[in-house]
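# got a sequence here, can you model it:
(one chain, ligands or ions: 1)
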Amino acid sequence: MVRNNMKEMAPNSGTFATNWSKRLTAGDRRALARAITLVESSRDDDRALARELLTVLAPHTGGSLRIGLSGAPGVGKSTFIEAFGRALLALGERVAVLAVDPSSARGGGSILGDKTRMERLSRAKEAFIRPSPSNAALGGVARRTREVIRLCEAAGFTVTLIETVGVGQSETMVADMTDVFVLLLNPSGGDDLQGVKRGVMERADLILVNKADGELASAARATVSDYANALRLLRARPDDPPPEVQQIPMAMPVSALTGDGLESAWTQIADLANWRRDQGWRASRRRDQDVHWMQEEIERRLIARFAANPAVSELSPNLREAVATGSLSPEDAADRALAAFFSSMAAAKA
Ligand code: GDP
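Numbers count the residues shown, from 1 in each chain. Below is the predicted model of the structure:
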């Protein structure tokens with residue numbers, strides 16, 4: 001019942017959304033936290049309210065640099081975000097950190113479930129850390145995260161870091177909602193690609209080999225040159241600057257522990273982001289992303305409607321059985337299921 005709580009907090013004056021928008025854009029953190037809870041809710045009335053709020057907020061959104069950060073568990077993401085985030089605060093940025101993994105991907109733990117995760121950053125006034133919503137399917141997480149980015153922007157955050165452990169399709173999802181995509185890797189001795197899928201490598205603008213300190217320093221340097229060579233062959237994107245302006249993609253060593261390399265990492269990210277913005281690529285990338293998410297949203301809703309349709313549910317076991325035993329082809333079965341779906345929709349309308 002987010003609605004009632006929120007109404008209590010915004011009594012009397014004007015409409016709910018306008019009120020809430022005022023508080024949010026004034027940087028009221030409690031209003032931001034509540035607004036996020038609202039967009040995470042799947043209740044129909046909360047959804048309607050969330051959309052109203054996002055519409056009112058629209059002119060105040062889009063202002064942050066959206067950075068995606070992916071890496072396997074243990075690679076040092078939280079240590080990195082803690083150090084990197086604090087370095088950005090020192091530069092006067094306001095930093096929001098969001099996680100996109102469905103809770104199961106973290107073995108039940110959330111971004112803040114482990115108290116040591118980003119402890120100092122989370123206490124900073126100019127930072128905001130929001131864990132992944134629990135029990136959400138990837139589709140739900142995607143929608144919620146895109147909306148939360150906008151809420152954070154309306155609340156004045158200038159850098160939004162979106163973190164994922166990179167299970168399933170979550171890396172692609174994060175790359176599809178950010179301006180710059182960064183991959184964090186471990187130093188490794190040899191030529192293995194650390195199980196990183198090619199598609200993910202292709203999306204990464206910057207590869208940071210973490211733990212380039214102490215005994216791991218030389219392994220990290222070796223990993224950087226392995227990747228630097230591999231990366232050059234991987235892609236030629238129109239929204240990459242020409243090499244004489246900036247080498248993208250790029251691999252470089254960092255140490256989240258000592259802070260070495262974090263400043264250069266920021267310079268690379270900011271330079272790339274600024275170049276893309278100035279050339280118009282940022283705006284076109286964001287437009288393309290919106291179109292992509294519209295398509296995803298349509299598919300997600302259609303599938304949900306299909307799955308919840310009683311006529312389809314009634315027919316499904318028989319169809320599955322018939323396909324499994326070979327008495328019906330998959331195509332014919334799909335025809336019948338879809339016919340049942342569309343005729344029940346038509347009947348409901350009539
Ligand atoms: P996450 O699972 O990706 O969030 O990784 P964590 O940030 O929890 O780090 C996993 C482990 O790696 C912890 O023991 C960290 O102390 C260690 N670690 C993280 N960054 C560095 C680094 O730059 N150098 C070294 N030596 N260890 C690091």
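# give me the nearest residue to residue 270, chain neighbours excluded.
residue 65 (7.4 Å; C-beta to C-beta, 6 or more residues apart in numbering). C-beta: built from backbone N, CA, C; applies to glycine.
# my read: that neighbour touches residue 161, true?
No. Applying C-beta atoms under 8 Å as the test, residue 65 and residue 161 come out as separate, 9.3 Å apart.
# so for those two, which residue has more residues nearby?
The neighbour comparison of residue 65 against residue 161 (other C-beta atoms under 10 Å) goes to residue 161, with 27 against 21.
# interface residues of this structure facing the ligand?
Residues of the chain lying close to the ligand by C-beta under 6 Å from any ligand atom are 71, 73-79, 210-211, 213-214, 216, 255-257.
# what sits against residue 332?
Contacts for residue 332 (C-beta atoms under 8 Å, 6 or more residues apart in numbering) come out as none.
# quick check: it vs the ligand, distance?
Distance of residue 332 to the ligand, given as C-beta to the nearest ligand atom, to the nearest Å: 48 Å.
# which secondary structure element is home to that residue?
Using DSSP states H and E, residue 332 sits within helix 330-349.
# okay, buried residues for that helix please.
333, 337, 340, 341 (16 or more other C-beta atoms under 10 Å).
# look up how far the ligand lies from the second one.
Applying C-beta to the nearest ligand atom, the value for residue 337 to the ligand is 42 Å.
# kindly report the same for the first one.
For residue 333, the distance to the ligand under the criterion C-beta to the nearest ligand atom works out to 44 Å.
# can you check the last one too?
For residue 341, the distance to the ligand under the criterion C-beta to the nearest ligand atom works out to 43 Å.
# isn't that residue right up against residue 307?
No. When contacts are counted by C-beta under 8 Å, residue 341 is not listed as touching residue 307 (10.0 Å).
# can you give me the helices in the stretch 251-350 of the chain?
Ranges of helices in the stretch 251-350 of the chain, per DSSP state H, counting those that start in this stretch, are 262-278, 281-308, 310-324, 330-349.
# what residues of the first one count as buried?
Right, helix 262-278. Buried residues in helix 262-278, counted by 16+ other C-beta under 10 Å: 262, 265, 266, 268, 269, 270, 272, 273, 275, 276.
# mind giving me the packing neighbours of it?
strand 65-70, helix 77-90, strand 180-185, strand 206-209, strand 250-253, helix 281-308 (3 or more C-beta pairs under 8 Å, 6 or more residues apart in numbering; DSSP states H and E).
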